[in-house]
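[1] From the sequence below, what's the structure:
(one chain, ligands or ions: 1)
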Amino acid sequence: MNAIVHRQYGAPEDPEVLAFETIERPVPGDDEVLVRVHAAGASVGDHHVVTGKPYLIRLSPFGGLPRPRNRVPGAAMAGRVEAVGAKVTALRVGDEVFGQAMSGAFAEYLVMPAKLLAPKPSNLSFEEAAAVPWAATALQGLRDAGGLKAGQKVLINGASGGVGTWAVQIAKALGAEVTAVCSSRNVERVRALGADDVIDYTAQDFVAGGSRFDVMLDLVGNRSLADCRSVLTPRGVYVPCSGGGGDWIGPFVRIVGGLLSSLFTSRRFKTFIMTPNRNDLLSLKELVEAGKARPVIERRYALREVGEALRHVGEGRAQGQTVIRIVGEPGAPTP
Ligand SMILES: NC(=O)c1ccc[n+]([C@@H]2O[C@H](COP(=O)([O-])OP(=O)(O)OC[C@H]3O[C@@H](n4cnc5c(N)ncnc54)[C@H](OP(=O)(O)O)[C@@H]3O)[C@@H](O)[C@H]2O)c1
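    Numbers count the residues shown, from 1 in each chain. Next up, the predicted model:
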């Protein structure tokens, strides 16, 4: 099968880092499924894995030392079940599925645990469905970490990117009043997703505005903890999802600082790391099928262009999600 092989850490567009190769097709274990990947998502997380930065990622299951442990990168994907392991009962050959794997999605075939897959939303194409697993970050950040309830006010900093465009729609679906922060070029796009109020950060400072929020989901991490705390109601929750710390420890500076500061104030600090799971995929499928949220696909690339796609998402200026089209690209085998 054709696949993108992660040879070493570095710039994704460097052919010594990511190479388009023909490798053997993986074989599913008893609890696993072989999926013919039709489309994959290319996210900021994949960029971290490929560059190996922040360096701490190299110590995690996504990394490896001195070289990447996982041969094929890529996590979010949608496709069709090609074979199932002996103990898999929930899925059958031919089922259309989507989900988020640990690695391996930038390839024509992928093996992953059956429990991390859900049926593809019936109203989405495979390309669109490959952009849905991002939404789990927004869902877990708002609903679980933030405890966002209907009628509450939420501030979403970084509302125009891969996670932010989902966050605006999910917060509205949860019944919240949404204030979104983005740049001028994204104001109309974010408003169209349902934001009640949009702050253009090039013209207005969300800290100086005087509004108070029950939850702040921070997808940028460009403001001090004191600034973020100051926009919260007395029992408000700050949910950082990103931020600062440079190449060594990345967002951990903010996490430790926030945990310490929450010892001295009633405002809460709730950090989280998105954990892929089937229940959330089913909730997102329901939301999408009910017409309450949709992916916002900014760019599409071919499998051999994964390096270029990751270079784009690594710039941090995305206007939605980026997907890799695998079935249907020139030279791909017929599914
Ligand atoms: N905790 C977790 O488990 C988890 C999971 C997934 C992602 N993340 C993190 O979440 C963050 C967001 O991910 P993403 O995929 O949405 O990123 P993304 O697709 O790169 O989007 C970033 C967005 O932020 C906007 N932006 C840049 N500077 C801004 C500013 N000062 N104020 C407001 N918006 C600004 C950018 O547009 P403009 O440049 O036009 O403003 C862009 O649309 C990343 O740091 C990622 O690592 C965490």
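
[2] In terms of pLDDT, where does the residue in the stretch 51-200 of the chain that the ligand sits nearest to sit?
    Per Cβ to the nearest ligand atom, the residue of the stretch 51-200 of the chain with the smallest distance to the ligand is Gly161, at 1.8 Å. Using the backbone N, CA and C atoms, a C-beta is placed for each residue, glycine as well. On pLDDT, Gly161 comes in at 97.

[3] what secondary structure does it sit in?
    coil (DSSP: H, G, I helix; E, B strand; the rest coil).

[4] Same question for Gly99.
    Gly99 ends up strand, using three-state DSSP.

[5] wait, it sits on Leu117?
    Yes. Gly99 is within contact range of Leu117, at 4.2 Å (criterion: Cβ atoms under 8 Å).

[6] Same drill for these two, tell me which one is more crowded.
    Gly99 (30 against 27; other Cβ atoms under 10 Å).

[7] so what's that one bridging to?
    Taking DSSP bridges, one finds Met77, Leu117 as the beta-bridge partners of Gly99.

[8] Show the contacting residues for it.
    By Cβ atoms under 8 Å, 6 or more residues apart in numbering, the residues touching Gly99 are 76-77, 112, 116-118, 133, 276, 278, 281.

[9] In stretch 38-47, which residues are buried?
    38-47 (16 or more other Cβ atoms under 10 Å).

[10] Sorry, wrong one. I was asking about stretch 85-102.
    Neighbour-count burial for stretch 85-102 [16+ other Cβ under 10 Å]: 85, 88, 91, 95-101.

[11] Can you convert those into CSV and add a column each for pLDDT?
    Converted to CSV, these look like this (pLDDT from 0 to 100):
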residue, pLDDT
Gly85, 98
Val88, 97
Leu91, 97
Asp95, 98
Glu96, 98
Val97, 98
Phe98, 98
Gly99, 98
Gln100, 98
Ala101, 97
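
[12] Let me know the closest of those to Ala192.
    Set against Ala192, the nearest of the buried residues of stretch 85-102 by Cβ to Cβ is Phe98 (24.4 Å).

[13] thought that closest one was touching Ala135?
    No. The pair Phe98 / Ala135 is not scored as a contact, 10.8 Å apart, by Cβ under 8 Å.

[14] Which positions in the protein make contact with the ligand?
    Residues of the chain lying close to the ligand (Cβ under 6 Å from any ligand atom) are 43-45, 137, 157-158, 160-164, 181-183, 185-186, 201, 219-220, 222, 241-242, 272-274, 313, 316-319.

[15] Quick one: neighbours of Met1, just the number.
    16.

[16] got the phi/psi numbers for the residue lying closest to it once chain neighbours are set aside?
    Nearest non-adjacent residue to Met1, counting by Cβ to Cβ, 6 or more residues apart in numbering: Glu108, 4.1 Å away. Main-chain dihedrals, Glu108, degrees, to the nearest 10: phi -70, psi -30.
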